[in-house]
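Novice: for reference, the sequence and a predicted model appear below.
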Amino acid sequence: MDDKTAKPEESESEEKKESDFDQEKEQAQVWTGKITAFVAHQLRTSAPSLPIIGGSITGILTWLSQHDTVKAIIVGGVTFIVTGFFTYGSAWSKAFLEVARTKGKDHGKDSALSFFVWLDKGLEKIRWQLANPDGKYLIKLRDSDCRYDDIEGIEDAIFGFSTPELEEIFINLDLSQLELRSEEESKGTQDDIWDLLRRAKKRTNLRLLILAPGGRGKTTLLRHLAYNYALKQPKQNAPFLIPVFLRLRRWQEVITTTEELDLPTLIERHLKQDISQELDLPQNWAKSYLTRQQMLVMFDGFDEIKPEYAEKVSQWIGKQWHDFRQNYFILTSRPKGYQAFSSEHKPRQKVFINEFTDQNIQDFVYKWYFWQEQETRVRRSLKAKQEAADNKAKDLINQLFALDDSGESSTLLALARNPLNLNMIVQLHRANFGSGQQLPQQRVDLFRRIFDLQLITRPQARGIDMILDNNEENHRQRVLQQLALKMGNTTTIEYSELLSSTQNFIQELGYPESTSAKDFVERLIHVSELILKKDEYYEFAHNLFQSYLIALEVKRLKQENLLKENWEQNLWYEACIMYATLLTNPTDFIVYFYNQSNPKAQGLAERCYWELPVKKRRRLELLEQKRQTSLFTQLETYLKNGQWREADEETMRLMLLIAKREDEGWLDEESINNFPCEELRTIDKLWVDNSGGKFGFSVQKKVWLDCGGVPGEYDYDVYKKFADEVGWRRGGDLLSYDELTFLLNSSKQAHLPAVRFYYRRVSVASIEVGWSDDGRRYRSVGSISDGRKVSFLAQRLVTCNISQI
């Protein structure tokens, strides 16, 4: 507020005070006159009867009535006393009323909230009583597993904040289709789960596979579907279906050990054991809906199945798809985990969940913070809540989108593109808001802060004894590190084994036998909440926490060989990446994987490399040299030998590897626009040099420009002309990958590279032949049809100043 604004307000305030005092003074003068007259009258009437002084008082009163000066002094004194009394009384009453008004408002809010909570519960009971069996199932489904944003235990297990309702903070996930669509059909479209369901209505069936790395929101997406169907509110004119949400990890043993188990029977067991025993559904309820083709069955987490169960579970799922093929099915998995799916009945459609965009991140942060302010600041006004939420959200967003010293996006922003990471980041930010602490930029630092908060800060704030000392050796975390390493690649542990292992670890640290492992474990579960109960087993709040602890323990024990022996297992793969960032100089460790002939090992080396802070990478010159040598050796060999197809496929592998898009299997606009210039220049130079200037991205860029193309701008007519010039079209039709000419002399200028990321989001073989469930033979042909990516790559070549010499 400036001085000009403040002075009038102060003046108004002073005028109001003077006005109030004048009113109180006038009231006091009126009452002073009444009091003086009353006292004088009483003295006159009673004076004669007073002993000793009666005559004197009468004389005094007679004398006072004849002397105005003395009379004025007495009246003034009385007026002063009475005015003070009235001023005090007026102020007291106003203050009392203000406090009463505030308290009454608060009590009114509390009463209203209590009333509406009571009313909601009452209405729920009425709805339950009036609902038919289907309605009761949907009510229980909504409240049991789909209402709140419980992501792998992170939301309510970490930091102790209020768990948001899923629909209040849900961000519509961008899905990339791994199916073949024409260029014209794909123009201007954005894939959405509800749109897929709506389009599937025309076919009256759907077998959809949703692929994504951990933390991208696969389970959240299914719970979003289940919740909206439970409310009978499918979106975008999608068909109304009865949803069933089955966690495969929960039922893997039942599926593999129960003879002749069919889908209706499993659903019935799921309803009784996981939803509610109160449900009294008609006999053969599930089979009835499956027969009527009105059920959406969602199998979540094929990648979480134990390896020994994967074969039988995949065969069982395939059989259910075939037996009830006119229904709607969704299966989720991590890409690597899905490789174990062996049934001959495959999904008919595949989609991949993309990373959060900048807008997704901002929307989530604002929604999450507003929910927290709504829940924790109940008595504040809506405006005050919104301002508080905006203030905190803006602070976090500024940190996320700040540029580093080199002018590039922060590592923290890259982490935040994963919804699970963003959940942890936003909660850590709120826990430290106002402390002046900036959020860590590296994943290991983020986890370190989380563990410190959960094992030290939070218990201290609550005055809870964590049994083990908080010392320099960090005994509390040490026990967790030992536990994580002992569990290895197993994510679950039985309670009895958890207790016995913890007891051994505690005694190894020198604590007396009387130290209770059970008390410590219970505090880990209920106070720090880094260990969670899932079904009948216990596990870390998230698999990444276990990988982080493994990395720390391996470093402490100096047993790097354990990582080299087990890196292909999921938990150890992530542990390798975090271990590399913990090392002062990780050159030897990373180069070990670059030197392996296994492409997956090189992929791990790249992940380790890019996880390092930028400054650290620049200091490690030897690592950079060895990386360049190891990374492009195979490509150079293929090109020198004239193995053009192998070189093309190796180029695709390298570009996906460098862009960290191996799981996706294609490059999108963002990954092309951010592709490292030096790596792109190296790949292009190898192609140009070994083909005599005939092949290469820079050669293709020149043709694109000659055809009228503008880098970064898409024009389908330009693309068709370009495809004709480079030999990717014949007779007006785009060729399949197998129809290209992988010969130097027989192909057109700029014919290669034709790497498959040019495809419309196709990551599998370009030609797929098989048999549909109804006995018809199908042939799916992938053609080089996405001109957008040619345009994006041309723009990146311009940005990187890469041109044909």
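Specialist: Ah, there it is. Numbering: from 1, shown residues only.

Novice: low pLDDT regions in the protein?
Specialist: Within the chain, the ranges that satisfy pLDDT under 70 run 1-90, 101-125, 127-131, 145-162, 178-191, 202-205, 378-379, 405-407, 756-787, 805.

Novice: which ones are touching residue 662?
Specialist: 603, 656 (Cβ atoms under 8 Å, 6 or more residues apart in numbering). Using the backbone N, CA and C atoms, a C-beta is placed for each residue, glycine as well.

Novice: residue 232: what's it in contact with?
Specialist: By Cβ under 8 Å, 6+ apart, residue 232 lies in contact with 138, 240.

Novice: quick check: which element contains it?
Specialist: Of the helices and strands defined by DSSP states H and E, none includes residue 232.

Novice: other residues contacting whichever strand or helix holds residue 254?
Specialist: Using DSSP H and E, residue 254 falls within helix 248-257. The contact list for helix 248-257, computed with Cβ under 8 Å, 6+ apart, reads 261, 266, 269-270, 274, 299-302, 304-306, 309, 312-313, 316, 535.

Novice: go through that helix and flag the buried ones.
Specialist: 248, 249, 250, 251, 252, 255, 256 (16 or more other Cβ atoms under 10 Å).

Novice: residue 408: neighbour count?
Specialist: Applying other Cβ atoms under 10 Å, we find 11 residues neighbouring residue 408.

Novice: what's the closest non-adjacent residue to it?
Specialist: Closest residue in space to residue 408, ignoring its immediate chain neighbours: residue 614 at 7.0 Å, by Cβ to Cβ, 6 or more residues apart in numbering.

Novice: residues near residue 479, how many?
Specialist: Using other Cβ under 10 Å, residue 479 is surrounded by 25 other residues.

Novice: same list (the buried residues of helix 248-257) but as JSON lines, adding distance to residue 676.
Specialist: Formatted as JSON lines, the buried residues of helix 248-257 follow (distance: Cβ to Cβ, whole Å):
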{"residue": "248", "distance to residue 676": "38"}
{"residue": "249", "distance to residue 676": "38"}
{"residue": "250", "distance to residue 676": "42"}
{"residue": "251", "distance to residue 676": "44"}
{"residue": "252", "distance to residue 676": "41"}
{"residue": "255", "distance to residue 676": "45"}
{"residue": "256", "distance to residue 676": "45"}
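
Novice: wait, which of the residues you listed is closest to residue 645?
Specialist: residue 248 (38.0 Å; Cβ to Cβ).

Novice: ok, the residue nearest to residue 408 touching residue 410?
Specialist: No. At 9.7 Å, residue 614 and residue 410 do not qualify as touching, with contact defined as Cβ atoms under 8 Å.

Novice: before we move on, back to that, how distant is the helix holding residue 254 from the center of its chain?
Specialist: How far helix 248-257 lies from its chain's middle: 28 Å, per Cα atoms, centre = their mean, to the nearest Å.

Novice: could you shift the numbering so residue one becomes 409, and keep it that way?
Specialist: Okay, residue one is now 409; in that scheme the one you just asked about reads as helix 656-665.

Novice: residues of the next helix or strand after it that come out buried?
Specialist: Later in the chain than helix 656-665, the nearest helix or strand by DSSP H and E is helix 671-678. Neighbour-count burial for helix 671-678, counted by 16+ other Cβ under 10 Å, picks out 671, 672, 674, 675, 676, 678.

Novice: between helix 671-678 and helix 656-665, how big is the angle?
Specialist: Counting by axes from the mean of the first three to the mean of the last three Cα atoms, to 10 degrees, helix 671-678 lies at 130 degrees to helix 656-665.

Novice: for stretch 740-750, measure first residue to last.
Specialist: From its first residue to its last, stretch 740-750 covers 15 Å (Cα to Cα, to the nearest Å).

Novice: which parts of the stretch 859-1008 of the chain are strands?
Specialist: For the stretch 859-1008 of the chain, the strands defined by DSSP state E, counting those that start in this stretch cover 939-942, 945-948.

Novice: so what touches the last one?
Specialist: Going back to what we said before, that points to strand 945-948. Residues outside strand 945-948 that contact it (Cβ under 8 Å, 6+ apart): 892, 899-903, 906, 933, 938-940, 954, 957.

Novice: one more pass at 7 Å, please.
Specialist: Strand 945-948 has contacts (Cβ atoms under 7 Å, 6 or more residues apart in numbering) with 892, 899, 900, 901, 902, 903, 906, 938, 939, 940, 954.

Novice: which of the residues you listed has the most neighbours?
Specialist: Neighbour-wise, these (other Cβ under 10 Å) top out at residue 954, 26 neighbours.

Novice: surely that one touches residue 891?
Specialist: No. Using Cβ atoms under 7 Å, residue 954 makes no contact with residue 891, being 8.8 Å away.

Novice: how far away from the center of its chain is stretch 670-689?
Specialist: Computed by Cα atoms, centre = their mean, the separation of stretch 670-689 from the middle of its chain amounts to 31 Å.

Novice: distance between the ends of that stretch?
Specialist: The straight-line separation of the ends of stretch 670-689 (Cα to Cα) is 18 Å.

Novice: circling back to that earlier point, what's the closest of the strands of the stretch 859-1008 of the chain to residue 832?
Specialist: Nearest of the strands of the stretch 859-1008 of the chain to residue 832, taken as Cβ to Cβ: strand 945-948 at 13.3 Å.

Novice: now that closest one - C-alpha only, PDB.
Specialist: Taking Å, rounded to 0.1, in the frame of the first residue of the first chain, the C-alpha atoms of strand 945-948 are listed here in PDB:
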ATOM      1  CA  TYR A 945       3.000 -58.800   2.700                       C
ATOM      2  CA  TYR A 946       5.100 -55.700   3.500                       C
ATOM      3  CA  GLU A 947       7.100 -53.600   1.100                       C
ATOM      4  CA  PHE A 948       8.800 -50.200   0.700                       C
END
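
Novice: so how far is that strand off the chain centroid?
Specialist: 21 Å.

Novice: how about residue 861: what's its closest non-neighbour residue?
Specialist: Nearest to residue 861 is residue 839, by Cβ to Cβ, 6+ apart, at 6.0 Å.

Novice: what's the local residue count around that neighbour?
Specialist: Counted by other Cβ under 10 Å, the residues lying close to residue 839 total 19.

Novice: A helix includes it, no?
Specialist: Yes. Per DSSP: H, G, I helix; E, B strand; the rest coil, residue 839 lies within a helix segment.
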